[in-house]
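Trainee: coords please:
(one chain, ligands or ions: 2)
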Amino acid sequence: MYFNRCFLLFNGCLLLNLSAKDFSARPIKSGKYKTNESMGDIQIKKSPKVYDVVIVGSGAGGGMAGYVLANAGVKVLMLEAGPYFDPAKHSSQFKFPYESPRRGASTKARSFGDFDAAFGGWELDGEPYTKKDGTQFDWFRSRMLGGRTNHWGRISLRFGPQDFQPNDGVSERWPITYDEVKPYYDKVDRLIGIYGTAEGLENEPDGIFLPPPKPRLPELFIMKGAAKAGVKVIPGRGSVLTEALPGNKDRGACFFCNQCNRSCKVYADFSASSCLVIPALKTGNLELISNAMVREVITDKNGVATGVSYVNKEDMQEYQVSGKTIVLGASACESARIMLNSKSAAFPNGLANSSNLVGKYLQDSTGASQGGMLPQLMDRKRYNEDGAGSVHIYGPWMEDNKKLDFPRGYHIEFGGGMSMPGYGFGGGVSKLNGTLPGRDGKMKEGGGYGAALKDDYRRFYGTTFGMAGRGVGMARIDNYCEIDPRVVDKFGIPVLRFHYKWNNDEINQAKHMQETFTRIIHEMGAIPTSQPHGPEDNWGLEAPGKIIHEVGTVRMGNDQKKSVLNKWCQAHECKNLFVVDGAPTVQQSDKNATWTILALSMRTAEYILEQRKQQNI
Ligand SMILES: Cc1cc2nc3c(=O)[nH]c(=O)nc-3n(C[C@H](O)[C@H](O)[C@H](O)COP(=O)(O)OP(=O)(O)OC[C@H]3O[C@@H](n4cnc5c(N)ncnc54)[C@H](O)[C@@H]3O)c2cc1C
Ligand code: SF4
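Mentor: Ligands and ions are numbered 1, 2, ... in the order given. Sure thing, here's the model as predicted:
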């Protein structure tokens, strides 16, 4: 916020005297949220302590920076907008479906069902965002210690050499190469643990792998069908400890319950909470304030960041903390929001934003999917086929774009098997009626109830599978988030307004995905169960934001006019400000971004340590 600041020391607090006039520029749209006018005089409580580093956010980016810095002896304060969450204590991993009060039905605050470890969703009460010019962007936020890493899919992929330095004449190049990031990917693999196999593929770099889980029965059919269709399939790569992690006594090994999305009580999968922040707290060098919603970064008249202001969600009071270095890891869009809201005399256009690029080049992955069922597997024997809660098999992008009508590519995530029945409708078995004749040879119309439905479950359970393409969304300046000048959230913080459109690059990619899926399903001898897609629905291409891989809003680069950060994720214009989430991404790849966020955050944290030694920050 750009306040005309008038601080008066009062009872150990700073009084910020704001009149209604100060707020009148931002009337809220619906009147639903607490208006700035109603806040009256705000008291800002300022802590006298100066931390070495203040980190905003505790997800993949913030969590890794906190871990590295605290372990190096740096005094860190971490501010997290959500509550404390420890999978060992708070996970719903072992709950039975009947324990769900809503029988698993999702709510706004539990988009993926009752037991999913996401405190958040597409909509948060009192924290709106808006969209511009009829465009669409769905923004998923998890407000909790560890952020979205408590329930993410744990598919853990390195960007390849051509992802950092593309040669297609269309994609922009990063200011760094794969070789520069490789040592950090290696360290992340060793620190966190990842399964996979060495395949020697040029743009799908191998890591330091634990053994992968075996394919489940429908996945064996997928592998066979894909081979016939000319689509390469390899063992999956996931951050789950299929064996004990060498040198780490705090984490157990996976016992294959397939509930990673609920988070793991024995810490056998990667969550930033269990694997980074909780260990960092144990060093005694990291202090955590949860339920702290950061409003802005404070800067002095020379444009040096001096601290952060936040709203304590418990008492709704405004606080300020001071730090010598500020690290933003609030997620790509939220870090851009904080920077845009951090207006001051030194930065009237938002923090470090002379280039006007903060919020620009927003990118989400493309996504399209299909499912099917294998009649060969009806009435099959029951046994434990749960597996790990991440991918068992994976289809890397191997095609030649010169022969295609879109740049870059996508990978395929496959799934299928007979996991323990969950809540809900058992994978939509009732909908399979009408696909095949019943035991009596007659075709049912669909649905069912009572004994006949139970029999259908026995017949069909474990026959279904799915495949989902996740591909490159091209970086474009006209896909962006900005501050909506008319709307504030319940904390009085101006909210984001999104402007995002796919174009033919992404739509043609989705068409290619659908054609590939159809070929594989045919070669498997399976029956497609998804609705067919075509040009009328962009070939099933999900709306921007839906794949929850958003990156790119505070891009790095060598040219100060064309980027906000340098190649160390340090702001060109504010040397003690760093961004460690997905925001620094120049151009995303078809690989999901989290392993790269972790590697780059580790690299930036080590750079901060070096810069501190040299007394540059
Ligand atoms: C269902 C699902 C499946 C996914 N699967 C995969 C996958 O398989 N592979 C993959 O690579 N990626 C996957 N992702 C994406 C992955 O979760 C993100 O890339 C990753 O979590 C990003 O890390 P981050 O630190 O940038 O943000 P987050 O994990 O979102 O963490 C940001 C943290 O900052 C906090 N915060 C936000 N605003 C503020 C504020 N103003 N003040 C203080 N704190 C704040 C938030 O509460 C949150 O805890 C998936 C995501 C979802 C939701
Ligand atoms: S599948 Fe393994 S890692 Fe995932 S929740 Fe179960 S035991 Fe933990």
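Trainee: What ranges does the stretch 101-250 of the chain have for its strands?
Mentor: Applying DSSP state E, counting those that start in this stretch to the stretch 101-250 of the chain gives strands spanning 120-121, 130-131, 141-142, 234-235.
Trainee: where exactly do the helices run in the stretch 1-150 of the chain?
Mentor: 20-23, 36-39, 60-71, 87-90 (DSSP state H, counting those that start in this stretch).
Trainee: quick one: which of these has the weakest pLDDT on average?
Mentor: Ranked by mean pLDDT, those bottom out at helix 20-23, with a mean of 29.
Trainee: Pull the contacting residues for V231.
Mentor: Neighbouring residues of V231 by C-beta atoms under 8 Å, 6 or more residues apart in numbering: 395, 398, 412, 516, 519-520. (Each C-beta comes from the backbone N, C-alpha and C, glycine too.)
Trainee: So which bits of this structure are right by ligand 1?
Mentor: The chain comes close to ligand 1 at residues 56-62, 79-82, 140, 142-144, 147-149, 151-155, 292-294, 329-331, 334, 338, 548-549, 581-582, 592-594, 597, as judged by C-beta under 6 Å from any ligand atom.
Trainee: And the strands of the stretch 101-250 of the chain: which comes nearest A388?
Mentor: A388 lies closest to strand 234-235 among the strands of the stretch 101-250 of the chain, at 11.3 Å (C-beta to C-beta).
Trainee: Show me what counts as buried in the strand ranked longest in the chain.
Mentor: Using DSSP state E to define each element, the chain has its longest strand at strand 42-56. Using 16 or more other C-beta atoms under 10 Å as the test for burial, strand 42-56 gives 42, 44, 46, 51-56.
Trainee: Among the residues you listed, which one sits closest to ligand 1?
Mentor: Ranked by distance to ligand 1 (C-beta to the nearest ligand atom), those are led by V56 at 5.0 Å.
Trainee: What separation is there between the closest one and ligand 2?
Mentor: Shown here: V56 relative to ligand 2, a distance of 28 Å by C-beta to the nearest ligand atom, to the nearest Å.
Trainee: what pairs with that residue across the strands?
Mentor: For V56, the beta-bridge partners are L79, L328 (DSSP bridges).
Trainee: Please, which helix or strand holds the residue sitting furthest away from the middle of the chain?
Mentor: Here the chain reaches farthest from its C-alpha mean at D440, the gap being 47.6 Å by C-alpha atoms, centre = their mean. Per DSSP states H and E, D440 falls between elements, in no helix or strand.
Trainee: ditto for I326
Mentor: Assigned by DSSP H and E, I326 falls in strand 318-328.
Trainee: between the next helix or strand along the chain from that strand and strand 318-328, how big is the angle?
Mentor: The helix or strand immediately downstream of strand 318-328 is helix 332-341, counting by DSSP H and E. If you take axes from the mean of the first three to the mean of the last three C-alpha atoms, to 10 degrees, helix 332-341 sits at 120 degrees to strand 318-328.
Trainee: could you dump the very next helix or strand once past helix 332-341 to PDB, C-alpha only?
Mentor: Where DSSP H and E defines the elements, the next helix or strand beyond helix 332-341 is strand 366-373. C-alpha atoms of strand 366-373 as PDB (Å, rounded to 0.1, in the frame of the first residue of the first chain):
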ATOM      1  CA  THR A 366      -2.100 -26.800 -20.400                       C
ATOM      2  CA  GLY A 367      -4.200 -29.800 -19.400                       C
ATOM      3  CA  ALA A 368      -6.600 -32.200 -21.100                       C
ATOM      4  CA  SER A 369      -7.500 -35.700 -20.200                       C
ATOM      5  CA  GLN A 370      -9.400 -38.900 -21.100                       C
ATOM      6  CA  GLY A 371     -10.400 -42.000 -19.300                       C
ATOM      7  CA  GLY A 372     -11.400 -45.500 -20.100                       C
ATOM      8  CA  MET A 373     -12.200 -49.000 -18.800                       C
END
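Trainee: what stretches of the stretch 301-450 of the chain score poorly on pLDDT?
Mentor: The stretch 301-450 of the chain contains residues with pLDDT under 70 at 426.
Trainee: rerun that using 80 as the cut-off
Mentor: Residue ranges of the stretch 301-450 of the chain with pLDDT under 80: 423-431, 433-435, 438, 444-447.
Trainee: about what we covered before: hmm, which two among the buried residues of strand 42-56 are most spread apart?
Mentor: Most distant of these, by C-beta to C-beta, are I42 and D52, 27.9 Å apart.
Trainee: with the buried residues of strand 42-56 in mind, which one is nearest to Y480?
Mentor: Set against Y480, the nearest of the buried residues of strand 42-56 by C-beta to C-beta is V56 (20.9 Å).
Trainee: what's near enough to touch the closest one?
Mentor: 62, 78-79, 294, 308, 326-330, 335, 338.
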